[in-house]
Structure formats: structure tokens, C-alpha cells
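[1] Predicted model follows, preceded by the sequence.
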Amino acid sequence: MSRSGRPRFARNRRGEPIDPVPFLVSVGLAFMLAFSIGPIYGIAYGLPLSTSLAASGVAFAGIATVAYAQFVSGAPAADAGPLPTAPRFERLLYAALALGVVLAGLTLPLL
């Protein structure tokens, strides 16, 4: 912990303090989804459990890396004020489309 009470990793690439909560929440959800859904679908596709768990770990590591780049290293400073609405809406739209693609992909074993 630093003197301000925030964890030391909670700084962006410019060294400014950031809010770590969005990163921690997204990584926690990624872990939960990768290891609760991944092995089940791996087994449904005929993979052994160890391979399914390894693939879930790789998926989680990839998601955690992207989340770190978005929410920690590229984040604006905590005291920078609110972000403009257009980029926030655009990110939300892309996230919704990505989630739709993932959910559609999860239905493939059901066909």
C-alpha cells in the first residue's frame, strides 16, 4: 500500500492514481465465467478435463491482460473528471456486441 491508502498497482502508465475497482470486478467475473463455463463446454466438445481447464486458464489470462490494458494502464487519472459520453457509449456498444458473439458461440454445442 502507498501512503494514500491505494494499492501500488493502481497507477496508469503515466503514474497517475486510478480507481482499481473496474479492473478487479472485470477480472473476477472473467475468472468466474472462464472456470465455470469453460470446462463444461470443453468436455461437450470432446476435450479431456485437463485440456478444458488449461484452455479456460488461457482464456482467463487473455481477458485479464485486455482488462489490465483497458482499466489500469490506459485509464485516466481518478481525479480527471467524467469521461465524454460518446467514447463511453461506443465502448459499451462494442462490449455488448462482443458479449452477443460469445453467447452465440456458447450455443454451438447445442446444435
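    That came in fine, so what should we check first?
[2] In this structure P76 contacts I18, no?
    Yes. Counting by C-beta atoms under 8 Å, P76 touches I18, with 7.5 Å between them. For glycine as for every other residue, the C-beta is placed from the backbone atoms N, C-alpha and C.
[3] so what sits against both of these two?
    Counting by C-beta atoms under 8 Å, 6 or more residues apart in numbering, the contacts common to P76 and I18 are N12.
[4] the more surrounded of the two?
    Between P76 and I18, counted using other C-beta atoms under 10 Å, I18 has the larger neighbour count: 23 against 14.
[5] Domain parsing of this protein, as residue ranges.
    As assigned by automatic domain parsing, the chain contains the domains 1-80, 82-111.
[6] Out of the ones you listed, which one sits most buried?
    Highest mean neighbour count among the domains of the chain (mean count of other C-beta atoms under 10 Å): domain 1-80, with a mean of 14.
[7] And it, how far out from the chain middle?
    Distance of domain 1-80 from the chain centroid (C-alpha atoms, centre = their mean, to the nearest Å) equals 5 Å.
[8] Okay, helices next: where are they in the protein?
    Listed in chain order, the helices of the chain (DSSP state H) span 21-44, 49-68, 85-106.
[9] Which strands or helices does the longest one pack on?
    Based on contacts counted as 3 or more C-beta pairs under 8 Å, 6 or more residues apart in numbering; DSSP states H and E, the elements that helix 21-44 packs against are helix 49-68.
[10] In contact with G28, which residues?
    Neighbours of G28 in contact, by C-beta under 8 Å, 6+ apart: none.
[11] now it: how far from F35?
    Taking C-beta to C-beta, to the nearest Å as the measure, G28 falls 11 Å from F35.
[12] Other residues contacting the lowest-mean-pLDDT helix or strand in the chain?
    The helix or strand of the chain with the poorest confidence is helix 85-106; it has a mean of 85 (mean pLDDT, DSSP states H and E). Contact partners of helix 85-106, identified using C-beta under 8 Å, 6+ apart, comprise 37, 41.
[13] hang on, F23 packs against A67?
    Yes. Assessed by C-beta under 8 Å, F23 is found in contact with A67 at 5.7 Å.
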